[in-house]
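Engineer: Whatever this is, show me its structure:
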Amino acid sequence: MDQSAAIQETLEREETCTIAAQCDLLCDGIVESRLLGLVQSGEEHAIFIYTHRRMAITADDVSLEDVMPISHDFSVVEVSSPEELVIVGADTRVRISYRDEELELRLPFGFHSRHFLSEINKAWSDVCRSPTQVPKFEWLDKYRKTTKGHVVEQTLSPIGTTHIKLNQHGKTDKSSDKKGTLEKEKGSNNGTQKARVFPSTESQGISSREDRGDLVRSSSHTLSNKAQILAMPQFGLRDNLIKCELLKNEDNYTYLENFSFFLGTYNVNGQTPKDSLCPWLSCTDSPPDMYCIGFQELDLSKEAFFFNDTPKELEWTKAVSEALHPDAKYALVKLVRLVGIMLIFYVKKEHAEFISDVEAETVGTGIMGRMGNKGAVAVRFRFHNSDICVVNSHLAAHVEEYERRNQDYKDICSRLQFRQLDLTQPPLTIMKHNVVLWIGDLNYRISDLDVDNVKELISKKEFETLHTYDQLKRQIDEEAVFVGFEEGEINFQPTYKYDTGSDKWDTSEKCRVPAWCDRILWRGKNIEQQHYQSHMAVKTSDHKPVSSLLVIGIKKVDAEAYKKTFEEIVRNIDKMENECIPSVTLSKREFHFKDVKFMQHQAETLRLFNDGQVPCQFEFIQKPNEPTYCKPWLTANPPKGFIAQGGSVDIELEVFVNRSTAPDLNSGKQQIEDILVLHLERGKDYFISVTGNYLPSCYGTSIHSLCQLREPIQDMPQETLLKLAEMSGNEKATNTEKPLDIPKELWMMVDHLFRYAIKQEDIFQQPGLRSEFAEIRDCLDTGMPDSLSGSNHSVAEALLLFLDALPEPVVPYSFYQQCLDCCANASQCEKVISMLPQCHKNVFNYLAAFLRELLKNSASNRLDVSILATIFASLLLKSPTKQDLAEKRKTQEFFHHFLIQGSS
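Structural biologist: From the prediction side, this is the model:
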């Protein structure tokens, strides 16, 4: 979540917070959370340091504590213990200093922290380019006492005087501790303390990955370059060719060695740890080499959902660390969490130095694909020479929703992508790893058996028979999900649902049918499962934890064979580069996409075959006067890459029309037409034609235009749609027929929900099915059939997507600021709505009346005013520019008035 908006609220108009990062302040064993902001005023920059509560959303959540100007007296050095340095996934510890002051901070590992540090480096580099110009920082004087009405806890000293220590326990006085600091830095080779600067690849001239790794792990602090920051490394054509050839010849310099991976999954149902986790995590005779532990429903509170902030993270992490196998020492490599889904990755300390390329990502699969109450978190890493990805997921609930679970799985596979170290390369997907380990509450249930029959089979331990009714097994057998994955034989009773604190099956009114919700699967070669079991002794939750011990053959490098292979590859590439020009053959040069629809993905494959005498690098390049290599509805995946000699690569040309591209395609202002330019480095360019026909949709068409259409949009001539688009927003534009009060498509969806979903539990909070959305869209666009199909949740999500795709929101952009200004006054809010164009006013009042009816049935549908205000205000009142969090709250306050009973 971007917290720079909260900092921006504390600043004057002339200053801008360009980026913010959360960190820990370290001093004498004390750890306190802080929020850092890089603030710019004109050509000058400073780091603002804030105390904060929970996730910083507005200025009320932060309090300015200190400011460090980025001047000639400023520096940043990374300082890490030997244990931290060998783990690439470890958090980043830095020491920032200004004159006689120092702070030691710990930033979470990942791209955002690297980006934050690189932005500081840019600001510092600008200062260094003009050594004779001394920044004055006069603009900082106004932050000495107050910031936009918020009292600063302690007074900041004027720039140019000695910098006052605002937080005595969090800083080091350089003048008194200088000797000790330098001794620590000089002692980096004796194991007491290591410090590393952030070297710039431009200044160091680094070209190979091996050189970079050595610098990252062992460079020492020097006063001459102490303020340099590690820039993002770039790989050229030669690096890619070497990498490609090394991959092809991997068998020549690697061998397999077995390592044990302990995988665990536990849905804790929002509970705090009560029992020891040792029966679960220390159940093996010998200590495993790795632990990958996944939790779901860590915290079920609304605070956790809206702020992604929970004390449960620390409680469960502590419980895990205390329960790891006692016969080994472990290092925490990575922790990643999305709301209540958390994954913790530990490794034996002796293996830590062989872990590299660690990245973590998350993806939410809740309503409209945005909410994080369901979804996945994942960590990818390289261990020796094997690439491994671990996924922890929580899929959609309820017995009948197996198709929704299938969709969640596919969404996670397609949307969860890891940035590569070389940012010019496309991201890595889950399946592009040697080994994939998938754990979690997958929520697949047992079908076609009633609860008594299920319990009878369990009592007889006839798990094999019961497993034939398992939804996940059936979906895998049909190759609907987890194709290529394996799961061990299930010889334990279902892990859901129990009365909390006991081994009794659910005795609540719902009396859930027992199910194997909690599962562990794997994908890859040279993997053997040693055990797969549940742990009945752990009774904290209504689920039981599950574990699996896998022995995996990991590829290790023979250093001597690697050196020999590497040198031979370099010699061959040198020879080829001097003698040959790259060349490729294209499978097709013309692509046609038939009947493209709103939010319906289509793809065609372009195969490139390297028929030249040398490996080649390709890239789709921009045409003159165009900002990107293709139209916004088109992507090439991958857009760049390299091909070994005699090899080939498949490029997916993908067409996807979304809310930003639909309006012009609906009206006919744009067509499905583009020319792609494929460029070979040191070679020629190839031209590829992309054409197609788009079927107009009510999605992405204006309210004004839809109110003029009495027939389905796909029955209308293109000229009519173009004319209506040009008339949109013009109240004086005349039409022969009286317009509809509201779009008929909107009426169909709301009427359906009013008739069938007024008491639907979790309406507007649980996603629908994509296949059902396609049927609903087609029905609205063609008029066939006469009524909507699909579940209530699918119709509800279709309504939200309709509002989200409007080119001009229900409250037009020109009224947005008025809504913010009067949000606290109900009568003024009503006055603004009364001034809207007639069709927009009708839609607003119609939707508000419908939502008030929903709230009358809140006991059944579990809706409340704040939930509906949060969901609908973001769709009905959109900012013409980027909306900050303070504005979002005002839009919710505005719409809140119309949801209260008695509002007109």
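Engineer: how many neighbours does Phe345 have?
Structural biologist: Using other Cβ atoms under 10 Å, Phe345 has 23 other residues around it. No exception for glycine: its C-beta is placed from N, CA and C like everyone else's.
Engineer: residue ranges of the strands in the stretch 601-750 of the chain, please?
Structural biologist: Ranges of strands within the stretch 601-750 of the chain are 602-610, 616-621, 634-637, 640-643, 648-655, 673-680, 685-694, based on DSSP state E, counting those that start in this stretch.
Engineer: Comparing those strands by mean pLDDT, which bottoms out?
Structural biologist: The minimum mean pLDDT among the strands of the stretch 601-750 of the chain belongs to strand 640-643 (a mean of 87).
Engineer: distance of Glu297 from Ile412?
Structural biologist: Glu297 sits 17 Å away from Ile412, taking Cβ to Cβ, to the nearest Å as the criterion.
Engineer: Also Ser787?
Structural biologist: Distance from Ser787 to Ile412, by Cβ to Cβ: 33 Å.
Engineer: Can you pick out the residue with more neighbours from these two?
Structural biologist: Ile412 (24 against 9).
Engineer: Report the secondary structure state of the more buried one.
Structural biologist: Applying DSSP: H, G, I helix; E, B strand; the rest coil to Ile412 yields a three-state assignment of helix.
Engineer: quick revisit: so which of the strands of the stretch 601-750 of the chain gets nearest Ser386?
Structural biologist: Comparison of the strands of the stretch 601-750 of the chain against Ser386 by Cβ to Cβ identifies strand 640-643 as nearest, at 21.9 Å.
Engineer: Does anything pack onto the closest one? Which helices or strands?
Structural biologist: Applying 3 or more Cβ pairs under 8 Å, 6 or more residues apart in numbering; DSSP states H and E, one finds that strand 640-643 contacts helix 237-248, strand 602-610, strand 616-621.
Engineer: so what strands line up beside it?
Structural biologist: Paired strands of strand 640-643, with direction, are strand 616-621 (antiparallel) (DSSP bridges).
Engineer: can you pull the buried residues of the strand it pairs with?
Structural biologist: Within strand 616-621, the residues scored as buried using 16 or more other Cβ atoms under 10 Å are Cys616, Gln617, Phe618, Glu619, Phe620.
Engineer: Now tabulate these in a markdown table and tack on distance to Val513.
Structural biologist: Listed next are the buried residues of strand 616-621 as a markdown table, based on distance: Cβ to Cβ, whole Å:
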| residue | distance to Val513 |
| --- | --- |
| Cys616 | 57 |
| Gln617 | 56 |
| Phe618 | 54 |
| Glu619 | 54 |
| Phe620 | 52 |
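Engineer: and the host helix or strand of Ile7, how far out from the chain's middle?
Structural biologist: Using DSSP states H and E, Ile7 sits in helix 4-9. Relative to the centre of its chain, helix 4-9 is centred 21 Å away, using Cα atoms, centre = their mean, to the nearest Å.
Engineer: now for it, which elements pack on it?
Structural biologist: strand 16-27, strand 30-41, strand 44-52, helix 885-899.
Engineer: could you dump those to TSV with mean pLDDT, mean neighbour count and distance to Lys759?
Structural biologist: Shown next, in TSV, are those (pLDDT from 0 to 100; neighbours: other Cβ atoms under 10 Å; distance: least, Cβ to Cβ, whole Å):
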stretch	mean pLDDT	mean neighbour count	distance to Lys759
strand 16-27	89	19	42
strand 30-41	90	19	43
strand 44-52	91	22	41
helix 885-899	92	21	18
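Engineer: quick one: the lengthiest helix in the chain to helix 237-248, angle?
Structural biologist: The single longest helix within the chain, with elements called by DSSP state H, is helix 559-579. Angle, helix 559-579 to helix 237-248, by axes from the mean of the first three to the mean of the last three Cα atoms, to 10 degrees: 130 degrees.
Engineer: hmm, who's touching helix 559-579?
Structural biologist: Arg238, Leu241, Ile242, Glu245, Leu246, Asn249, Asn252, Tyr253, Gln613, Val614, Pro615, Gln645 (Cβ atoms under 8 Å, 6 or more residues apart in numbering).
Engineer: Report the contact partners of the fifth one.
Structural biologist: Meaning Leu246. By Cβ under 8 Å, 6+ apart, the neighbours of Leu246 are Thr565, Phe566, Ile569.
Engineer: cool, and Ile776?
Structural biologist: Contacts of Ile776 by Cβ under 8 Å, 6+ apart are Met749, Leu788, Ser789, Gly790, Ser794, Val795, Ala798.
Engineer: The residue nearest the centre of the chain - nearest residue in space that isn't next to it in sequence?
Structural biologist: For the chain, the residue nearest the mean C-alpha position is Thr362 (4.2 Å; Cα atoms, centre = their mean). Leaving aside its sequence neighbours, Thr362 sits nearest to Leu338 (Cβ to Cβ, 6 or more residues apart in numbering; 4.0 Å).
Engineer: can you check Ser97 too?
Structural biologist: Ser75 (5.2 Å).
Engineer: Backbone dihedrals for that neighbour, both of them.
Structural biologist: phi -150, psi 160 (degrees, to the nearest 10).
Engineer: For it, grab the count of nearby residues.
Structural biologist: 19.
Engineer: I'd like the distance between it and Ser41.
Structural biologist: 21 Å.
Engineer: rewinding a little: the residue nearest to Thr362 and His543: what is the separation?
Structural biologist: In terms of Cβ to Cβ, Leu338 sits 19 Å off from His543.
Engineer: And Lys334, by the same measure?
Structural biologist: 24 Å.
Engineer: can you check Glu400 too?
Structural biologist: Glu400 is 20 Å from His543, where distance means Cβ to Cβ.
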